[in-house]
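Asks: Sequence first, then the predicted structure:
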Amino acid sequence: MAESEGGEKTEEPTRKRLDDALKKGDVAKSQELSTWFGLAAATLVVSIFADGTTASLGQTLTRFLASPERIAVDGASLRAMFGGLGLAVAAALALPMLMLAFAGIAGNMVQHPPIVTAEPITPKFSKISPASGFKRIFSVEGLLNFFKGLLKILIVGIVIWMVAWPERTRLATLAESDLAGLLPLLKELSLEVMVASVIVFAAIAIADYLFARHRWRKKLMMSLQEIKDEHKQQEGDPHIKGRIRALRQQRSRKRMMAAVPGATVVIANPTHFAVALKYEAGMNAPMCVAKGVDAIALRIRRVAEEAGVTVIENPPLARSLHAALEIDREIPAEHYKAVAEVIGFVMRRRGGR
């Protein structure tokens, strides 16, 4: 247990730890999953748009091959020709490129919600340090990425061989085929390779994402001491909170003592309780301006006597008022009669009505 409370990270990350990581752009991300989305989108683009895009670009470029001598080479004509060519190519490739861009975004969106942060691009010396770069290359993660790259090359090679080997007879005749027969065959073989790669890479991408998420959560694991420190930051250090509470009580006591000279009467027992009440014409009921027990009660009495405020000793009433009253609150109705008799007595002593 002592070791766990120290530096060993045995606890699941808290919600705050996960949120802080997301704010910094530290998320579980699999590059293989993003690659799979791009490969799947490319396969879809080839299967849907290959014929139409090829035909459109073929029509646009035919005149460059069929009759190049008719192309005007003056400045205005060249600008118009290249402008039209650019628009034609952009129109033919717009939808396929849009699908590929959407696949790239989707590959990241399915792994984590959108995050806007400058943390990953913030300049840091560790990012340009040769020592840090060397450690990254030859770290465990660098070796894992290296072997993953080799595995992908091996898998792609096996997929291409499995698709191409049954077609070896047809591939041998490609050199003798005309262009019209060559393009459909290449498209067919390309699609077979891409579909097979998509199927195989789906398993690789899922496994890599689960592994990346496991490593990410393991990296964010916390020790018991880190959890305690986090609770202290969120709830406040008990020592600091105690100090703040003491300062507030001290200020409140000073304000209370400052109000004692303006009280009408202080009701007390000889040593333990003291309650200072204030009553003026127009008030609904007398109000408590100060109260205390023991040392504070003695201090209230001393301040009252120094200011000429009448102190009445009535132990039962002092105890009940102390228990029932809060500072700056009117006395409850059940004490009206007893307090009225006391204040009436004080006013008669002062010669008031």
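Replies: The structure has been received and is ready for your questions.
Asks: in the stretch 101-250 of the chain, which spans are helices?
Replies: For the stretch 101-250 of the chain, the helices defined by DSSP state H, counting those that start in this stretch cover 125-128, 130-137, 140-164, 168-172, 179-219, 224-235, 238-259.
Asks: How many neighbouring residues does Ala318 have?
Replies: For Ala318, the tally of surrounding residues (other C-beta atoms under 10 Å) stands at 23. Glycine gets a C-beta too; all of them are placed from N, C-alpha and C.
Asks: How about the contacts made by the residue lying closest to it once chain neighbours are set aside?
Replies: Using C-beta to C-beta, 6 or more residues apart in numbering and skipping the chain neighbours, the partner closest in space to Ala318 is Phe273 (4.2 Å). Neighbouring residues of Phe273 by C-beta atoms under 8 Å, 6 or more residues apart in numbering: Lys291, Gly292, Val293, Ala297, Pro315, Ala318, Arg319, His322.
Asks: re earlier: same list (the helices of the stretch 101-250 of the chain) but as TSV, adding mean neighbour count.
Replies: Formatted as TSV, those follow (neighbours: other C-beta atoms under 10 Å):
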stretch	mean neighbour count
helix 125-128	10
helix 130-137	11
helix 140-164	13
helix 168-172	10
helix 179-219	15
helix 224-235	13
helix 238-259	12
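Asks: wait, which of those helices is closest to Glu334?
Replies: Taking C-beta to C-beta, helix 238-259 is the member of the helices of the stretch 101-250 of the chain nearest to Glu334, at 23.9 Å.
Asks: I'd like to check what contacts the closest one. Which residues are they?
Replies: Identification of contacts with helix 238-259 by C-beta under 8 Å, 6+ apart yields Lys232, Ala276, Lys278, Val289, Ala290, Lys291, Gly292, Ile296, Arg299, Ile300, Val303, Ile327.
Asks: if we go to 10 Å?
Replies: Residues outside helix 238-259 that contact it (C-beta atoms under 10 Å, 6 or more residues apart in numbering): 232, 235-237, 276, 278, 287-292, 296, 299-300, 302-303, 327-328.
Asks: what's the angle from it to helix 224-235?
Replies: Angle, helix 238-259 to helix 224-235, by axes from the mean of the first three to the mean of the last three C-alpha atoms, to 10 degrees: 30 degrees.
Asks: of all the helices of the stretch 101-250 of the chain, which lies closest to Gly86?
Replies: helix 179-219 (24.1 Å).
Asks: Name the SS class of Val266, please.
Replies: Under the three-state scheme (DSSP: H, G, I helix; E, B strand; the rest coil), Val266 adopts strand.
Asks: Neighbours of Gly38, how many?
Replies: Neighbours around Gly38, by other C-beta under 10 Å: 16.
Asks: tell me the contacts of it?
Replies: Going by C-beta under 10 Å, 6+ apart, Gly38 touches Leu100, Ala101, Ala103, Gly104, Ala106, Gly107.
Asks: from what I can see the second one touches Ala41, true?
Replies: Yes: assessed by C-beta atoms under 10 Å, Ala101 is found in contact with Ala41 at 8.9 Å.
Asks: Quick check: which ranges of the stretch 201-350 of the chain have low pLDDT?
Replies: Residue ranges of the stretch 201-350 of the chain with pLDDT under 70: 234-238, 240.
Asks: Same question for the stretch 51-200 of the chain.
Replies: In the stretch 51-200 of the chain, residues with pLDDT under 70: 54, 57-75, 77-78, 114-139, 171-183.
Asks: hmm, try it at 80
Replies: Counting by pLDDT under 80, the stretch 51-200 of the chain has low-confidence residues at 51-94, 96, 112-145, 148, 156, 159-160, 163-164, 166-190.
Asks: if we can go back for a sec, to Gly52, which of the helices of the stretch 101-250 of the chain lies closest?
Replies: Nearest to Gly52, of all these, is helix 179-219, at 12.2 Å by C-beta to C-beta.
Asks: What angle do helix 140-164 and that closest one make with each other?
Replies: 150 degrees.
Asks: neighbour-wise, which of the contacts of Gly38 leads?
Replies: Of all the contacts of Gly38, the highest neighbour tally under other C-beta under 10 Å goes to Gly107, namely 23 neighbours.
Asks: what about that residue, distance to Met222?
Replies: For Gly107, the distance to Met222 (C-beta to C-beta, to the nearest Å) stands at 30 Å.
Asks: do the same with Arg348
Replies: Distance, Arg348 to Met222, using C-beta to C-beta: 71 Å.
Asks: next one: Val303
Replies: 53 Å.
Asks: Compare the two (neighbour count), which wins?
Replies: Val303 (21 against 17).
Asks: My guess is that one contacts Ala263. True?
Replies: Yes: contact status for Val303 versus Ala263: in contact at 9.4 Å, counting by C-beta under 10 Å.
Asks: Overlap in contacts, the two.
Replies: With C-beta under 10 Å, 6+ apart, Val303 and Ala263 have common neighbours Ala276, Ala290, Val309.
Asks: Which entries within these meet the buried criterion?
Replies: Using 16 or more other C-beta atoms under 10 Å as the burial test, the shared contacts of Val303 and Ala263 include Ala276, Ala290, Val309 as buried.
Asks: So which of the helices of the stretch 101-250 of the chain is nearest Ser34?
Replies: Per C-beta to C-beta, nearest to Ser34 of the helices of the stretch 101-250 of the chain: helix 179-219, 8.4 Å.
Asks: how distant is that closest one from the center of its chain?
Replies: From the chain centre to the centre of helix 179-219 is a distance of 32 Å (C-alpha atoms, centre = their mean, to the nearest Å).
Asks: on contacts alone, who are the packing partners of it?
Replies: Judged by 3 or more C-beta pairs under 10 Å, 6 or more residues apart in numbering; DSSP states H and E, the packing partners of helix 179-219 are helix 15-23, helix 31-66, helix 140-164, helix 168-172.
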